[in-house]
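Peer 1: curious how this folds, go ahead:
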Amino acid sequence: MRKLFIITAVLLLSSFSKPSNAIQSSVSQEPITGDWTAKVKETDKGRMLWLSLTTVRDGRNNYSQSSFDLPLQDFSGLNPDANANVQFTLNREAGTVAFNGIFKDGKGVGDFRFTPSAAFIGAMRNLGYEDLSSEKLFAMAIHDVNTKFVSEMKALGYTNLSTGNLISFRIFKVNEEFIRGMRALGYDAVPANKLVAMRIHRVDEAFVREIQALGYEKPPVDKLIAIRIHRVDPEFVKELGELGYSNLPLDKLIAFRIHHIDGKFIKEMREAGFNKLTADELVKLRIFGVDSDYVRKLRGSSR
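Peer 2: All right, here's what the predicted structure looks like:
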């Protein structure tokens, strides 16, 4: 589900990557219709509704599909245990999504209609966002991009975010609390795409503090993301320190992870007689496929 969620966000970004003040020759703000399927999920954050929406525009070859989770309480009039025909809505500042269909035992199917809000379109125009198409408004409604949120981002210095940026911020919970938390740790004016990447790879305040506690005072954002991707965590760093590899640069720790150099490998090489290998030598051994089995075979063939 997480991969599907990220893929959906990437598709949104690719569709809405134009600057907010870009001028388009014609912009449609007509209602959007399509089909939906849904399922109630019990999570540690409460009951969620997993929704899959399919829209068809201008013929059968022009359609889109997206899937995501939303809190059950975001919907008005929904009884997922109705075992009957249902009508419910998702009311957002950007517009209203009206659902018709049937729900049985927490699972549902039917059709929907999204109607954009003229008031929201006017308010967004005052905030610098012209020519919002129905597709953009629909995505903004689904992920609750509202004028309060846009104003908060502007107040934090993010004055030229595209609609794609705003939608991805909402999807990955890049909010005022997260941005201020990063600023308190010394990370000011982080670009929008990197804020999203930090959220995707779970680079949060707790993780940054853990890395700082290991002696890495203020790694660049790109480095924080890289060490998260390659699982350079406190346990890994402490294990290496206990084996004599303390205070390694972050690039070296990343290289260790990439080439599968861990405590087990180091101990095996020591048992094979290599007791004082440098960090660079360990990396070279891995690159050339040298491990304890290779050493034993080499010694056996030389006898």
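
Peer 1: which residues of this structure fall in strands?
Peer 2: 32-43, 46-56, 63-71, 75-76, 84-92, 95-104, 107-116 (DSSP state E).

Peer 1: hmm, H230 and H201 touching each other?
Peer 2: No. Using CB atoms under 8 Å, H201 is not in contact with H230; the gap is 10.2 Å. No exception for glycine: its C-beta is placed from N, CA and C like everyone else's.

Peer 1: return the distance of stretch 142-155 from the chain's centre.
Peer 2: 18 Å (CA atoms, centre = their mean, to the nearest Å).

Peer 1: buried residues in it?
Peer 2: Buried residues in stretch 142-155, counting neighbours by 16 or more other CB atoms under 10 Å, are found at 142-143, 145-147, 149-150, 153.

Peer 1: residues contacting stretch 86-97, please?
Peer 2: Contact with stretch 86-97 is made by 70, 74-79, 98-103, 108, 110, 112-117, 120, 123, 137-138, 140-142, 144-147, as judged by CB atoms under 8 Å, 6 or more residues apart in numbering.

Peer 1: what about that stretch, how long is it end to end?
Peer 2: 14 Å (CA to CA, to the nearest Å).

Peer 1: buried sites along that stretch?
Peer 2: Buried residues in stretch 86-97, counted by 16+ other CB under 10 Å: 86, 88-90, 92-97.

Peer 1: and these as TSV, adding distance to N175 and pLDDT?
Peer 2: Output for the buried residues of stretch 86-97, formatted as TSV (distance: CB to CB, whole Å; pLDDT from 0 to 100):
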residue	distance to N175	pLDDT
V86	32	96
F88	27	97
T89	25	98
L90	20	98
R92	17	98
E93	16	98
A94	17	98
G95	22	98
T96	24	98
V97	23	98
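
Peer 1: just send those residues back as a markdown table, with distance to D35 too.
Peer 2: Output for the buried residues of stretch 86-97, formatted as a markdown table (distance: CB to CB, whole Å):
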| residue | distance to D35 |
| --- | --- |
| V86 | 15 |
| F88 | 15 |
| T89 | 17 |
| L90 | 15 |
| R92 | 20 |
| E93 | 25 |
| A94 | 21 |
| G95 | 18 |
| T96 | 18 |
| V97 | 13 |
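
Peer 1: between which two of those is the distance greatest?
Peer 2: Pairwise distances across the buried residues of stretch 86-97 (CB to CB) peak at 23.9 Å, for the pair V86 and E93.

Peer 1: got any ranges where this structure has weak pLDDT?
Peer 2: Applying pLDDT under 70 to the chain flags the ranges 1-28, 57-62, 300-303.

Peer 1: tell me if I'm right that G215 and L248 touch.
Peer 2: No. If you go by CB under 8 Å, G215 and L248 don't touch, sitting 10.2 Å apart.

Peer 1: the more surrounded of those two?
Peer 2: Neighbour totals were compared for G215 and L248, and L248 leads with 16 against 10 (other CB atoms under 10 Å).

Peer 1: quick one: residues contacting that one.
Peer 2: Applying CB under 8 Å, 6+ apart to L248 gives the contacts 237, 240, 256, 279.

Peer 1: go ahead and confirm G101 touches G108.
Peer 2: Yes. Contact criterion CB under 8 Å: G101 and G108 qualify, at 5.6 Å.

Peer 1: overlap of the contact sets of those two?
Peer 2: The contact sets of G101 and G108 overlap at 36, 86 (CB under 8 Å, 6+ apart).

Peer 1: between those two, who's got more neighbours?
Peer 2: For the pair G101 and G108, the greater number of neighbours falls to G108 (22 against 17), based on other CB under 10 Å.

Peer 1: which strand residues bridge that one?
Peer 2: Bridge pairing for G108 (DSSP bridges) gives the partners A38, F103.

Peer 1: residue contacts, it?
Peer 2: Applying CB under 8 Å, 6+ apart, one finds that G108 lies in contact with 36-39, 80, 86, 101-102.

Peer 1: tell me the buried residues within the residues you listed.
Peer 2: Burial by neighbour count, 16+ other CB under 10 Å: within the contacts of G108 this picks out 36, 38-39, 80, 86, 101.

Peer 1: biggest separation within those residues, which pair?
Peer 2: Among the buried ones among the contacts of G108, K39 and V86 lie farthest apart (CB to CB), at 13.8 Å.

Peer 1: can you list the domains in the chain?
Peer 2: As assigned by automatic domain parsing, the chain contains the domains 2-18+30-171, 177-227, 233-301.

Peer 1: could you work out the end-to-end span of the shortest one for me?
Peer 2: The reference is to domain 177-227. 23 Å.

Peer 1: and it, how far out from the chain's middle?
Peer 2: 14 Å.

Peer 1: just give the closest residue to P234, not the sequence neighbours.
Peer 2: For P234, ignoring the flanking residues on the chain, the nearest one in space by CB to CB, 6 or more residues apart in numbering is E210 at 5.2 Å.

Peer 1: right, I'll leave it there.
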